[in-house]
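**Q** model this:
(chains A, B, C, D, E and F)
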Number of protein chains: 6
Amino acid sequence: MSNNIEEFNDYRQKMNEKILGDNNKVIKRIFNLDTNAFKEGSLDVKTKELLGLVASAVLRCDDCVKYHLEKCHKEGLTKDQIIEALSIATLIGGTIVIPHLRRAYEYLDELIIND
Amino acid sequence: MSNNIEEFNDYRQKMNEKILGDNNKVIKRIFNLDTNAFKEGSLDVKTKELLGLVASAVLRCDDCVKYHLEKCHKEGLTKDQIIEALSIATLIGGTIVIPHLRRAYEYLDELIIND
Amino acid sequence: MSNNIEEFNDYRQKMNEKILGDNNKVIKRIFNLDTNAFKEGSLDVKTKELLGLVASAVLRCDDCVKYHLEKCHKEGLTKDQIIEALSIATLIGGTIVIPHLRRAYEYLDELIIND
Amino acid sequence: MSNNIEEFNDYRQKMNEKILGDNNKVIKRIFNLDTNAFKEGSLDVKTKELLGLVASAVLRCDDCVKYHLEKCHKEGLTKDQIIEALSIATLIGGTIVIPHLRRAYEYLDELIIND
Amino acid sequence: MSNNIEEFNDYRQKMNEKILGDNNKVIKRIFNLDTNAFKEGSLDVKTKELLGLVASAVLRCDDCVKYHLEKCHKEGLTKDQIIEALSIATLIGGTIVIPHLRRAYEYLDELIIND
Amino acid sequence: MSNNIEEFNDYRQKMNEKILGDNNKVIKRIFNLDTNAFKEGSLDVKTKELLGLVASAVLRCDDCVKYHLEKCHKEGLTKDQIIEALSIATLIGGTIVIPHLRRAYEYLDELIIND
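**A** Below is the predicted model of the structure:
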């Protein structure tokens, strides 16, 4: 795996373990909910991951965008589909989203190359 | 149609006409893009409307939520599917989204009753 | 009770019942967490309600501000203490918070008068 | 003056008096700064009011937009200039700004009619 | 002191000096207000620092979170109290706050180790 | 040119080329609009760049701030004028803007030194 992807995931995992090891019930339940909310329900997993991606992009959270890009890619969404979702995010969220779009493109390309 | 839905759409249409009548090119093109971005492409219209709904909800814009609720409903998305999308928005955007969730529920119920 | 306070609480309760009656698990758990998070823990309830108030104010959510103003008032926090918390929110959140500060003042005064 | 403009200004003035009557020093100084920051300096008043308008629009605060629209109009900025500033706000802030643009147009037209 | 803490504070101090050396009155007064607002008043310093921390976390500003974490820690707030405040921020601000929570945990642990 | 300025512009250009090479029509048109919106119209280019700067600052996007700082500087706006615009952004956006103000100062100084 590329350094960027590995670094991101390693830090994410290391800190999540620290946070969950702390036994704050509210935080633990929010983490739990996060897992449950993206499981198949009335909407399929692909659609849900695209929703997570667009929400992350308009709220301009690079780490959240990376996380959902990885999930979208693993679920088999094509680059065109992912970019189309990001184009909607850029339109709704405005040009202020563009710097995040650049970093999303970079990360997505690394995900594709590392397949 | 219920008063709420009619009022919302009448005001929206009246003001859009005023805005577009003014011939500011940037604004006109943004309105145009808005129409194009939600047409079928690599993603279908239903998915795109859900993306618009979730982006609107996490950015906490009641009018945008109403607009996409109406489009989602017209596209045949079920109440369960729409609520599931809104549940993801509430999780990602936090409890600060809940007052908008209340108004979304109210508007969605009116849309369903007025079918 | 004054009309404003009553209206706000009636609508809030009516819509919460609708939302919770719908059995979306993610939303139900978020509502549940909301109750738990503000219970006494390492921090007392007063402090937590002030935290809720300031978070609501900087995120500029009038309904959330009203809700926490009511809780702060019921917990026995004085007007001076509540205003001091709101002054910090206005400094951190900027003058964009001021319109919400006006509505917060109005609501707080009604809460005090209706005691 | 039209009802909308009068109502907005009356409420604004009434609540500002209440807030400033309360003698919270931090809030008083923020109000004071607000007056000073928009006085002529290296930039002229017109430019500063346009800055205030665009900041208010991208942060999506209707009351702040109204306030700066009124100041812009009084300073002699033309409708075209004001709309051009708002078009930049809509581009940077995204289509999520559009509902606020509608209300800005309505208020600006009332300001012009009431001259 | 650990590199992270030192680097953060050195850069902060260096740039603050540059900014304040520039004699822009509005900025100087905002910096001044920032010092005054967190002094003991109707609320004690500990509570105010927790308010600053939660406001910073829901607005998702890593540097502001670090700054208030340091103040909270110096004021003698325990890790449990600080985490409880951050759990409320995560609930209100949503899972979009989680990446900032990770970095907050990392910084807080460094502050504790460096005591 | 200093490393910071060069790095920022190189990455920006490299990723923009990737993004535009992808032929997503919505994104391409948004990029196009971005160029058009800042051309002279009813408002001159200097004013528009200041509007872009202040919008970027209150929305707390470092990359957008850097981009508009560079444009402002090239258009011949003085440091005093640019700082005055940023002071208004800090007042409206609140102390949460201050970390971005620090980085803006650093970048602006590099731009001035590299003239």
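**Q** which element is the spatially most distant residue from the centre of chain A on?
**A** Distance from the centre of chain A peaks at residue A:23, with 24.9 Å (C-alpha atoms, centre = their mean). Using DSSP states H and E, residue A:23 falls within no helix or strand.
**Q** what pLDDT does it get?
**A** Listed pLDDT for residue A:23 reads 89.
**Q** One more: residue A:57?
**A** Confidence score, pLDDT, at residue A:57: 98.
**Q** now it, nearest residue through space, not along the chain?
**A** In this structure, residue A:57 finds its nearest non-sequential neighbour in residue A:89, 3.6 Å apart by C-beta to C-beta, 6 or more residues apart in numbering or on different chains. All C-beta spots, glycine's among them, are computed from the backbone N, C-alpha and C.
**Q** give the contact list for the one you found.
**A** Under the criterion of C-beta atoms under 8 Å, 6 or more residues apart in numbering or on different chains, the contact list for residue A:89 reads A:53-54, A:57-58, A:97, A:101, B:51, B:55.
**Q** among those, which are in helices?
**A** A:53-54, A:57-58, A:101, B:51, B:55 (DSSP state H).
**Q** wait, what's in contact with the residue most central in space within chain A?
**A** With distances taken as C-alpha atoms, centre = their mean, residue A:68 lies nearest the centre of chain A, 1.8 Å away. Neighbouring residues of residue A:68 by C-beta under 8 Å, 6+ apart: A:49, A:52-53, A:56.
**Q** And for residue A:8?
**A** So residue A:8 contacts A:63, A:66 (C-beta under 8 Å, 6+ apart).
**Q** Name the residues of whatever helix or strand it lives in that are buried.
**A** Assigned by DSSP H and E, residue A:8 belongs to helix A:3-21. Going by neighbour count (16 or more other C-beta atoms under 10 Å in any protein chain shown), the buried part of helix A:3-21 is A:5, A:8, A:12, A:15, A:19.
**Q** now do stretch A:66-86
**A** For stretch A:66-86, by 16+ other C-beta under 10 Å, it's A:66-73, A:77, A:79, A:81-86.
**Q** how long is that stretch from one end to the other?
**A** End-to-end distance of stretch A:66-86 (C-alpha to C-alpha, to the nearest Å): 12 Å.
**Q** Please work out the average pLDDT along it.
**A** Stretch A:66-86 comes out at a mean pLDDT of 98.
**Q** which bits of chain A sit near chain F?
**A** A:60, A:83-84, A:86-88, A:90-91, A:95-96, A:98-99, A:101-103, A:105-106, A:109 (C-beta under 8 Å from any C-beta of the partner chain).
**Q** Around chain C, which positions in chain A sit nearby?
**A** A:25-26, A:29-30, A:33, A:36-37.
**Q** Also near chain E: which of the residues you listed, exactly?
**A** Applying C-beta under 8 Å from any C-beta to the residues of chain A next to chain C, those adjacent to chain E are A:26, A:30.
**Q** Can I get the residues of chain A next to chain C in a markdown table including secondary structure and neighbour count?
**A** A markdown table is the format used below for these (DSSP: H, G, I helix; E, B strand; the rest coil; neighbours: other C-beta atoms under 10 Å in any protein chain shown):
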| residue | secondary structure | neighbour count |
| --- | --- | --- |
| A:25 | helix | 13 |
| A:26 | helix | 21 |
| A:29 | helix | 18 |
| A:30 | helix | 24 |
| A:33 | helix | 20 |
| A:36 | helix | 13 |
| A:37 | helix | 24 |
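**Q** Need the residues of chain A next to chain C in a markdown table (columns: distance to residue B:43).
**A** Listed next are the residues of chain A next to chain C as a markdown table, based on distance: C-beta to C-beta, whole Å:
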| residue | distance to residue B:43 |
| --- | --- |
| A:25 | 38 |
| A:26 | 35 |
| A:29 | 32 |
| A:30 | 29 |
| A:33 | 26 |
| A:36 | 24 |
| A:37 | 20 |
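**Q** Give me the contact status of stretch A:97-108 with chain D.
**A** Yes: for stretch A:97-108, a contact with chain D is found by C-beta under 8 Å from any C-beta, at residue A:97.
**Q** And the average pLDDT for that stretch is what?
**A** So the average pLDDT for stretch A:97-108 ends up being 98.
**Q** ok, now stretch A:34-44?
**A** The model assigns stretch A:34-44 a mean pLDDT of 97.
**Q** Just the C-alpha atoms of that stretch, please, in PDB.
**A** Output of stretch A:34-44 as PDB, limited to C-alpha atoms (Å, rounded to 0.1, in the frame of the first residue of the first chain):
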ATOM      1  CA  ASP A  34     -21.100   4.800  12.900                       C
ATOM      2  CA  THR A  35     -20.600   1.100  12.100                       C
ATOM      3  CA  ASN A  36     -24.400   0.300  12.200                       C
ATOM      4  CA  ALA A  37     -25.600   3.300  10.200                       C
ATOM      5  CA  PHE A  38     -23.600   2.300   7.100                       C
ATOM      6  CA  LYS A  39     -24.800  -1.300   7.000                       C
ATOM      7  CA  GLU A  40     -27.300  -2.400   4.400                       C
ATOM      8  CA  GLY A  41     -30.900  -1.400   5.200                       C
ATOM      9  CA  SER A  42     -33.500   0.300   3.000                       C
ATOM     10  CA  LEU A  43     -30.600   1.700   1.200                       C
ATOM     11  CA  ASP A  44     -27.700  -0.400   0.000                       C
END
